[in-house]
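**Q** How does the following fold in three dimensions:
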Amino acid sequence: MSKSTIFTLCLILNSFCAVLSTNYHFTFHVKLRCRTSNRKFGFKAQFFDKDVMWWNGDDPITEEYIDISPPGDITFKSEGILTGDEWMSEYFAVKMVLYHNCNSMRKEVRVDMDIFPLAFISYNLEDNKYYDYKFTANITELSGDTWQHASLLQN
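**A** From the prediction side, this is the model:
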């Protein structure tokens, strides 16, 4: 098989997959708990699908959610869509990147929070897929890399 034939077949396969791509809808119901005393805290949260290929960056699932809240619990909902993942991937590895100042120094810190369970990818191209995550996280003095268990409904 010549190189041009292989290239043409790859181009056709790529076009076929692009036309029949499934939409993967994500909804995140999040409760952040901040136990600082008597002052507001700010935060910025965004959800991503972590990519394992080194040449590929993480794929944003949602837009940034930004808010300022009194101490205690803040609840928010964030939604987004992906149209696929890396070739041969079996699941979406969801993470939340969170910037907040819920700490004694009132200094903004970054948290990379891996969300479990992983979201299984169905390759039935005829239907849209829906993933609904719900979790509560105590972010008081939290920084760095961490993980969070969530409830996940998917269909």
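**Q** drop to CA atoms for contacts and neighbour counts, all remaining ones
**A** Noted.
**Q** For whichever strand or helix holds residue 28, which outside residues touch it?
**A** Here residue 28 sits within strand 24-34, counting by DSSP states H and E. Outside strand 24-34, the residues that touch it by CA atoms under 8 Å, 6 or more residues apart in numbering are 41, 61, 71-84, 102, 128-140.
**Q** change it to 6 Å
**A** 71-83, 129-140 (CA atoms under 6 Å, 6 or more residues apart in numbering).
**Q** Just the buried ones from these, in PyMOL syntax?
**A** Buried residues within the contacts of strand 24-34, by 16 or more other CA atoms under 10 Å, are selected in PyMOL with:
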select buried, resi 71+72+78+79+81+82+129+130+131+132+133+134+135+136+137+139+140
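**Q** neighbouring strands for the strand holding residue 28, and are they parallel or not?
**A** Using DSSP bridges, strand 24-34 pairs in its sheet with strand 72-82 (antiparallel), strand 129-138 (parallel).
**Q** Quick one: distance of the last one to the chain centre.
**A** Averaging C-alpha coordinates over strand 129-138 and over its chain gives two centres that are 10 Å apart (CA atoms, centre = their mean, to the nearest Å).
**Q** now do the longest one
**A** Strand 72-82 has its C-alpha centroid displaced from the chain centroid by 11 Å (CA atoms, centre = their mean).
**Q** C-terminal to that strand, what's the next element?
**A** In N-to-C order, the element after strand 72-82 by DSSP H and E is strand 91-92.
**Q** Give me the buried positions along the helix or strand following that following strand.
**A** Downstream of strand 91-92, the first helix or strand assigned by DSSP H and E is strand 94-100. Under the neighbour-count criterion of 16+ other CA under 10 Å, strand 94-100 has 94, 95, 96, 97, 98, 99, 100 buried.
**Q** quick revisit: what angle sits between the strand holding residue 28 and strand 94-100?
**A** 40 degrees (axes from the mean of the first three to the mean of the last three CA atoms, to 10 degrees).
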